[in-house]
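Novice: Compute the structure for the input listed below.
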Amino acid sequence: MKTIKKTSLAVAIIAATAGFSQASYAAVEANIGATSNYLWRGVSQSSDGVSVSGGLDYSHESGFYAGTWIGAIDFGSGNGTENDYYLGYGGEAGDFGYDVGYIYYAYPESGFEDSNFGEIYFNGSYADFGFGVAYTVNSQVAEGSLFDTGDMYYNVSYGFELPEEYTLGLTYGYYDFDAGSDSDYGHFQVDIAKGDFTFTISKADDESGDDDTKFVVSWGTTF
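Specialist: Numbering: from 1, shown residues only. You can find the predicted model right below:
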């Protein structure tokens, strides 16, 4: 489940663009990637296996953007894809960056249809600090289950540059499920990136059901 981060707090996630229109008022960007383990909010979406992905984004100088992203998943009961569709608006006000939008997570394979859900989100950044919140507004998940409407996800992050063109990002996230506090969990992640490569160390609480420490290598590029 791809997290959308369009402001400066998007450290090494998703930068060449191919412009169009007479005055380059808009741009289209494609991305492809591969990872040894697709993590989303501290939990593996690929059964701790390899995942490949690709996406297409449109952005306008006004701050409006829209896009789609597809990634390979494995929830243990079978392989499939996650198809994300999103749109939003981002910009800056002085040193403060902001991004507000909507994302829909779709799982088209047979057996996954009742997993689809959508979130509205807000991300902000100031200097090297970032923060965000996402709220589940619609869902095809069974009522009263995890990922039904009413779930909240919060995150804070800090990123800075290291010598030799490396960057370091630190993230803490917390999932507050409307279905009940027994499943709420936090997770911590460290990302070290250089160029198109990122090395990640991730650890989630026991309540996530996936609390092993993860060591992940990822590659991604845009064109």
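
Novice: I'd like to know how far residue 155 sits from residue 174.
Specialist: 7 Å (CB to CB, to the nearest Å). The way it works is simple: take the backbone N, C-alpha and C, and place the C-beta from them, glycine included.

Novice: and these two? which has more neighbours close in?
Specialist: residue 155 (22 against 16; other CB atoms under 10 Å).

Novice: Quick check: bridge partners of the more buried one?
Specialist: As for beta bridges, residue 155 partners with residue 132, residue 173 under DSSP bridges.

Novice: next one: residue 55
Specialist: Beta-bridge partners, per DSSP bridges, of residue 55: residue 31, residue 69.

Novice: count of neighbours near it?
Specialist: 21.

Novice: how much space between it and residue 28?
Specialist: Counting by CB to CB - residue 55 and residue 28 are separated by 11 Å.

Novice: go on, residue 123?
Specialist: 22 Å.

Novice: so what's residue 69 up against?
Specialist: 2, 31, 53-55, 83-84, 86 (CB atoms under 8 Å, 6 or more residues apart in numbering).

Novice: meant to ask about residue 162, not that
Specialist: 168, 192.

Novice: make it 10 Å
Specialist: Counting by CB atoms under 10 Å, 6 or more residues apart in numbering, residue 162 touches 168, 192-194.

Novice: Keep only those of these that are in helices.
Specialist: Counting by DSSP state H, none of the members of the contacts of residue 162 fall within helices.
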